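Q: could you work out the structure for the sequence below:
(2 chains)
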Amino acid sequence: DAGVIQSPRHEVTEMGQEVTLRCKPISGHNSLFWYRQTMMRGLELLIYFNNNVPIDDSGMPEDRFSAKMPNASFSTLKIQPSEPRDSAVYFCASTWTGARGRPNEKLFFGSGTQLSVL
Amino acid sequence: KQEVTQIPAALSVPEGENLVLNCSFTDSAIYNLQWFRQDPGKGLTSLLLIQSSQREQTSGRLNASLDKSSGRSTLYIAASQPGDSATYLCAVRLTFGNEKLTFGTGTRLTIIP
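A: Numbering: from 1, shown residues only, chains lettered A, B, ... in the order given. Below is the predicted model of the structure:
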């Protein structure tokens, strides 16, 4: 398996522009997570989906952020309008969650999208 | 609110030494704990996962222990190598029904050849 695939790897945009980040989880995984990493705040969970349904979006900073998962193999994170303080590395991660005590619940991360908003 | 702390923030040791990385968490009612490795400019790689009912997990030169009652976990690296240089993060998951992980801020490890 190719692992979690994110695109683009780097995005440079101007303040006010719309930004769309994309993620393809590992085939067979049923949970998908969007994280943001900054030097100041570390890794923060933005939102996660289970079986394509958003479960917890309490980490989404503002209404400018939205995420969708139209099917089991694709998710997007959109920022509109973008601001300089949104500059960060955005990670997508996936795993399989199901029966209690299942041993292999490791979380697999993509390589991230480095976003710079000027 | 669960808080996860990793001290020290950075650590340098000579190649070949054994070392221990620390992770502490404030809410001991966790479901599991994972240790991750992050290389510069890369995503995170899960190294070890310990369920709340377990005391330790081993993979090669890595051994992770968990003491729920004291809110602590350690990652032991034996016979360190330059390739072990990376940032190591621990993350805890609170409950079975909630998949959310709370991450520590990490320890940046440098192995000196």
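
Q: pull the number of nearby residues for residue 47.
A: No chain was given, so I picked chain A. Using other Cβ atoms under 10 Å in any protein chain shown, residue A:47 has 22 neighbouring residues. Yep, even glycine has a C-beta here, placed from its N, CA and C like the rest.

Q: not quite, I wanted chain B
A: Neighbours of residue B:47 using other Cβ under 10 Å come to 21.

Q: show me what contacts it?
A: B:34-37, B:59, B:62, B:64, B:75, B:88 (Cβ atoms under 8 Å, 6 or more residues apart in numbering or on different chains).

Q: what pLDDT does residue B:96 get?
A: Reading off the confidence values, residue B:96 has pLDDT 68.

Q: residue contacts, residue A:15?
A: A:81-84, A:117-118.

Q: from what I can see residue A:80 touches residue A:21, true?
A: No: using Cβ atoms under 8 Å as the test, residue A:80 is too far from residue A:21 to be in contact (11.8 Å).

Q: the more surrounded of those two?
A: residue A:21 (22 against 13).

Q: against chain B, how distant is that one?
A: 14 Å (Cβ to the nearest Cβ, to the nearest Å).

Q: buried set for stretch A:52-70?
A: Across stretch A:52-70, burial judged by 16 or more other Cβ atoms under 10 Å in any protein chain shown covers A:52, A:55-56, A:59-60, A:65, A:67, A:69.

Q: check stretch A:73-86 too.
A: So, applying 16+ other Cβ under 10 Å, buried residues of stretch A:73-86: A:75, A:77, A:79, A:82, A:86.

Q: now the terminal residues of that stretch, how far apart.
A: 26 Å (Cα to Cα, to the nearest Å).

Q: show me which residues of chain A are close to chain B?
A: Neighbours of chain B within chain A, by Cβ under 8 Å from any Cβ of the partner chain: A:4, A:31, A:33, A:42-43, A:45, A:48, A:50, A:55-56, A:91, A:93, A:95, A:97, A:100-101, A:103-112.

Q: now residue B:59, nearest residue through space, not along the chain?
A: Closest residue to residue B:59 apart from its sequence neighbours, by Cβ to Cβ, 6 or more residues apart in numbering or on different chains: residue B:48 at 5.7 Å.

Q: what about the one you found, which helix or strand?
A: strand B:44-51 (DSSP states H and E).

Q: for the record, mean pLDDT for that strand?
A: 93.

Q: so where's chain B shaky on pLDDT?
A: By pLDDT under 70, the weakly predicted segments of chain B are B:96-97.

Q: just chain A next, same as before
A: In chain A (pLDDT under 70), the answer is A:1, A:98-104.

Q: what's the neighbour count on the closest residue to residue A:7 other than its chain neighbours?
A: Distances taken as Cβ to Cβ, 6+ apart place residue A:22 nearest to residue A:7, at 4.8 Å, with adjacent residues excluded. Neighbours of residue A:22 under the rule other Cβ under 10 Å: 16.

Q: and residue A:22, how close does it get to residue A:78?
A: 10 Å (Cβ to Cβ, to the nearest Å).

Q: residue B:15 now?
A: Relative to residue A:78, and taking Cβ to Cβ, residue B:15 is found at 46 Å.

Q: my guess is residue A:114 contacts residue A:11, does it?
A: Yes: counting by Cβ under 8 Å, residue A:11 is a contact partner of residue A:114 at 7.2 Å.

Q: okay, and residue B:11 sits in which element?
A: strand B:10-14.

Q: okay, now the sheet partners of the helix or strand that comes right after that strand, with direction.
A: Next helix or strand after strand B:10-14 toward the C-terminus (DSSP H and E): strand B:19-25. Using DSSP bridges, the strands paired with strand B:19-25 are strand B:4-5 (antiparallel), strand B:72-77 (antiparallel).

Q: thank you kindly, that will do.
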